[in-house]
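Chemist: sequence and computational prediction follow.
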Number of protein chains: 2
Amino acid sequence: MSSKEHRLVALLTQELGRATDAVTLGIGDDAAVLQVPRGERLVVSVDAAVEGTHFRLPWLSPLQLGARSFEAALSDLAAMGARPLGAVCGLVLPSAVSARFVQQLARGQAAVAARQGCPVLGGNLARGPEVSLTTTVFGSARRVLTRQGARPGDELWLVGQVGLAALGLRLLQAERRPTSRAARVAIDAWRRPAALLGEGRALLGRASASIDVSDGLVSDALQLARASELRLELEAARLLEGLSPTLMSQGVQPALDLALHGGEDYALLATGPAQRRPAFARRIGRAVQGSGVVLVSPDGRRAPLRSRQYLHFTG
Amino acid sequence: MSSKEHRLVALLTQELGRATDAVTLGIGDDAAVLQVPRGERLVVSVDAAVEGTHFRLPWLSPLQLGARSFEAALSDLAAMGARPLGAVCGLVLPSAVSARFVQQLARGQAAVAARQGCPVLGGNLARGPEVSLTTTVFGSARRVLTRQGARPGDELWLVGQVGLAALGLRLLQAERRPTSRAARVAIDAWRRPAALLGEGRALLGRASASIDVSDGLVSDALQLARASELRLELEAARLLEGLSPTLMSQGVQPALDLALHGGEDYALLATGPAQRRPAFARRIGRAVQGSGVVLVSPDGRRAPLRSRQYLHFTG
């Protein structure tokens, strides 16, 4: 490491070291050491946020970037019903980056660490042409929720919002200054997602399968349908009913499109029997025999849905 | 994900899925799930290999790149004396990359997974301007070796080679075709490091502290000295004695320089009492009261050593 890298590592350690009380050995040795609760299994996931692919620097502050990339990674633990244990982050930074940028990035991560109870245990710093954060999150659970396990007859549940973040991303891509309250709400939804960890844990023992909605409702529903070997029916009326007023202010068809195909809200999609539906989950359809995902119109027409990712920056 | 990304993920799953027998839930769900052996703690580390910073594509085949980045990450587990459980990889690839490149990269990882007993449990694929691999490895251990714990009076032990990889890197940077056997041996040392996992585990209960030599012998010795709050004396004669003939063929002073300051061999540096030194460890000095790292010449002169990283591509 160069002396600048040494200084940045010291800075990161200072910002993130505070959160590591529960951990046997944190940042600063060859590896971090922690205890997995007795009788629980380890749950691991990795997610990356790459400048130019997932975000552009003018779109969010370094504080928001640090927090957002961490929440996105944690969303996979939420979908599994796991409790977070800790995270490590591989950080790639251009050499021109300022110490303040790195500090703010770390503060964003530290805020999530505190809020979600997931200390940052270590990391790696490397030079590269663009900013990127590769976050690996560790959790534990006695048993987990997977994409398999949905049964015909199950209800289809949505936890959290869909479509709003994609609207916010569109506004950022169009480089329009947010003048309306609606625009600010949507941009905020994209900038500041929160992994639904509590909800994910509460789905354990209630849901039969779950997935987090990162790519888009249809795209992720297709994955769940494939893994569970059945068909998911999305009921347009039920889905529209639950959409945020901000999204609905775009008009019904654009709102529905954004809800179906927009990603990065980090909602949870789950299936389960009616009598087990938790209060925080909204019923948006059901699981039936067959394959794929269909949209059921209020008049009962069924149209197959395909993954469409034109709303994604990554698309 | 675009359809190309879906195809690449399918390819990665095919190449890497084979190694995941021991795992509850591998590639293909939101997260991987596995069991940490009872009574053992989780040991986690992350390492990145970024094109243009850590390597250039002409310097090694995609198979070697996949293997090398994985071994480098595993070296941190070796230093802790941990047994590997699994790994996840955040892969960033330019959109122009071929399916064959990705397949070879994954085959390199799969070879290490099999050789070192560390299945690849999942990953993340993202587009970016350069190739990068961020590998998070996790292992387990009842207790671990850290950088702290060296005591004055301990011997200083080296396990594995130092200097040879840096010589290989120099040759690659100079873009000279390796004509001599010596050049081929050195380049091979850089291209194909192997994490000393067995040796690391064998050091448990024998060594008082350890670190892997990734930045360079002096640089990493300084870290160990700082963490253990003592001085390490490197004996030039003992160090030279153990250097490979290939390195010594460069002349004594260049060989010593490369051994002291060259990195990326992924040797292990440890301290421990004389009577506990394992057969595979070479004594290269000792720990005394004080601070820093000094070189002891055959005539008994002591010269303080500072971290010098001009031999590093990352420098």
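Modeler: Great, that's in hand.
Chemist: stretch A:231-246 spans what distance, first to last residue?
Modeler: Taking Cα to Cα, to the nearest Å, stretch A:231-246 runs 30 Å from one end to the other.
Chemist: list the contacts of A:Val252.
Modeler: Listed by Cβ atoms under 8 Å, 6 or more residues apart in numbering or on different chains, the contact set of A:Val252 reads A:Leu240. All C-beta atoms are positioned from the backbone trio N, CA, C, and that covers glycine.
Chemist: likewise A:Arg286?
Modeler: Here A:Arg286 is in contact with A:Gly153, A:Asp154, A:Glu155, A:Leu156, A:Leu232, A:Glu233, A:Glu235 (Cβ under 8 Å, 6+ apart).
Chemist: quick one: the residues you listed as JSON lines, columns for secondary structure, pLDDT and distance to chain B too.
Modeler: Converted to JSON lines, these look like this (DSSP: H, G, I helix; E, B strand; the rest coil; pLDDT from 0 to 100; distance: Cβ to the nearest Cβ, whole Å):
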{"residue": "A:Gly153", "secondary structure": "coil", "pLDDT": "98", "distance to chain B": "23"}
{"residue": "A:Asp154", "secondary structure": "coil", "pLDDT": "98", "distance to chain B": "18"}
{"residue": "A:Glu155", "secondary structure": "strand", "pLDDT": "98", "distance to chain B": "20"}
{"residue": "A:Leu156", "secondary structure": "strand", "pLDDT": "98", "distance to chain B": "17"}
{"residue": "A:Leu232", "secondary structure": "strand", "pLDDT": "98", "distance to chain B": "17"}
{"residue": "A:Glu233", "secondary structure": "strand", "pLDDT": "98", "distance to chain B": "22"}
{"residue": "A:Glu235", "secondary structure": "strand", "pLDDT": "98", "distance to chain B": "25"}
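Chemist: can you list those residues in TSV and add neighbour count?
Modeler: As requested, those are exported to TSV (neighbours: other Cβ atoms under 10 Å in any protein chain shown):
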residue	neighbour count
A:Gly153	14
A:Asp154	25
A:Glu155	22
A:Leu156	28
A:Leu232	27
A:Glu233	20
A:Glu235	18
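Chemist: reformat those residues as a markdown table; add distance to A:Leu243.
Modeler: Conversion of the contacts of A:Arg286 to a markdown table gives the following (distance: Cβ to Cβ, whole Å):
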| residue | distance to A:Leu243 |
| --- | --- |
| A:Gly153 | 26 |
| A:Asp154 | 22 |
| A:Glu155 | 18 |
| A:Leu156 | 16 |
| A:Leu232 | 18 |
| A:Glu233 | 18 |
| A:Glu235 | 13 |
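Chemist: what ranges does the stretch 201-315 of chain A have for its helices?
Modeler: A:217-228, A:236-242, A:245-248, A:252-261 (DSSP state H, counting those that start in this stretch).
Chemist: tabulate those helices (CSV), appending mean pLDDT.
Modeler: Formatted as CSV, those follow (pLDDT from 0 to 100):
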stretch, mean pLDDT
helix A:217-228, 96
helix A:236-242, 96
helix A:245-248, 94
helix A:252-261, 96
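Chemist: and these, which is most packed in?
Modeler: Ranked by mean neighbour count, these are led by helix A:217-228 with a mean of 22 (mean count of other Cβ atoms under 10 Å in any protein chain shown).
Chemist: from the contact counts, what lies against that one?
Modeler: Judged by 3 or more Cβ pairs under 8 Å, 6 or more residues apart in numbering or on different chains; DSSP states H and E, helix A:217-228 is in contact with strand A:209-213, strand A:231-235, helix A:252-261, strand A:267-272, strand A:292-296, strand A:302-305.
Chemist: tell me the helix or strand right after the worst-scoring helix or strand of chain A on mean pLDDT.
Modeler: Within chain A, no helix or strand scores below helix A:3-17, which has a mean of 77 by mean pLDDT, DSSP states H and E. Going down the chain from helix A:3-17, the next helix or strand is strand A:32-34, by DSSP states H and E.
Chemist: from the contact counts, what lies against that following strand?
Modeler: Using 3+ Cβ pairs under 8 Å, 6+ apart, strand A:32-34 sits against strand A:83-93, strand A:120-127, strand B:41-50.
Chemist: at 6 Å instead, please
Modeler: strand B:41-50 (3 or more Cβ pairs under 6 Å, 6 or more residues apart in numbering or on different chains; DSSP states H and E).
Chemist: mean confidence for the strand it packs on?
Modeler: Averaging pLDDT along strand B:41-50 yields 94.
Chemist: following the chain onward from that strand, which element is next?
Modeler: Next along from strand B:41-50, by DSSP H and E: helix B:62-80.
Chemist: and chain B, is stretch A:39-55 touching that?
Modeler: Yes: counting by Cβ under 6 Å from any Cβ of the partner chain, chain B is contacted by stretch A:39-55 at A:Arg41, A:Leu42, A:Val43, A:Val44, A:Ser45, A:Val46, A:Asp47, A:Ala48, A:Val50, A:Thr53.
Chemist: and for the fourth one, the neighbour number?
Modeler: Counted with other Cβ atoms under 10 Å in any protein chain shown, residues neighbouring A:Val44 total 29.
Chemist: thought it was touching B:Leu34?
Modeler: No: shown here, A:Val44 and B:Leu34 do not form a contact pair, counting by Cβ atoms under 6 Å, at 7.3 Å.
Chemist: isn't A:Val159 up against A:Arg282?
Modeler: No: A:Val159 is beyond contact range of A:Arg282, at 7.6 Å (criterion: Cβ under 6 Å).
Chemist: compare those two (neighbour count), which wins?
Modeler: Shown here are A:Val159 and A:Arg282; by other Cβ under 10 Å, A:Val159 has more neighbours (22 against 16).
Chemist: write down the beta-bridge partners of that one, one by one.
Modeler: A:Leu268 (DSSP bridges).
Chemist: low pLDDT regions in the stretch 1-150 of chain A?
Modeler: Scanning the stretch 1-150 of chain A with the threshold set as pLDDT under 70 gives A:1-3, A:18-28.
Chemist: A:Val147: what secondary structure?
Modeler: You called it Val, but residue A:147 is Arg. coil (DSSP: H, G, I helix; E, B strand; the rest coil).
Chemist: gap between the residue lying closest to it once chain neighbours are set aside and A:Val97?
Modeler: Leaving aside its sequence neighbours, A:Arg147 sits nearest to A:Ala227 (Cβ to Cβ, 6 or more residues apart in numbering or on different chains; 3.6 Å). As for A:Ala227, its distance to A:Val97 is 40 Å (criterion: Cβ to Cβ, to the nearest Å).
Chemist: thought A:Leu164 was touching A:Ala189?
Modeler: Yes: here A:Leu164 reaches A:Ala189: they are 3.9 Å apart, a contact under Cβ under 6 Å.
Chemist: now stretch A:46-59: buried residues?
Modeler: Neighbour-count burial for stretch A:46-59 flags A:Val46, A:Asp47, A:Ala48, A:Ala49, A:Val50, A:Glu51, A:Thr53, A:His54, A:Phe55, A:Trp59 (criterion: 16 or more other Cβ atoms under 10 Å in any protein chain shown).
Chemist: and the end-to-end length of that stretch?
Modeler: Terminal residues of stretch A:46-59 are spaced 23 Å apart (Cα to Cα).
Chemist: close enough to count as contact, A:Leu258 and A:Ala165?
Modeler: No: at 9.1 Å, A:Leu258 does not count as touching A:Ala165 under the criterion of Cβ under 6 Å.
Chemist: residue contacts, A:Glu171?
Modeler: One thing to correct before we go on: residue A:171 is Leu, not Glu. A:Ala183, A:Ile187 (Cβ atoms under 6 Å, 6 or more residues apart in numbering or on different chains).
Chemist: roughly how far does it sit from A:Val218?
Modeler: 22 Å.
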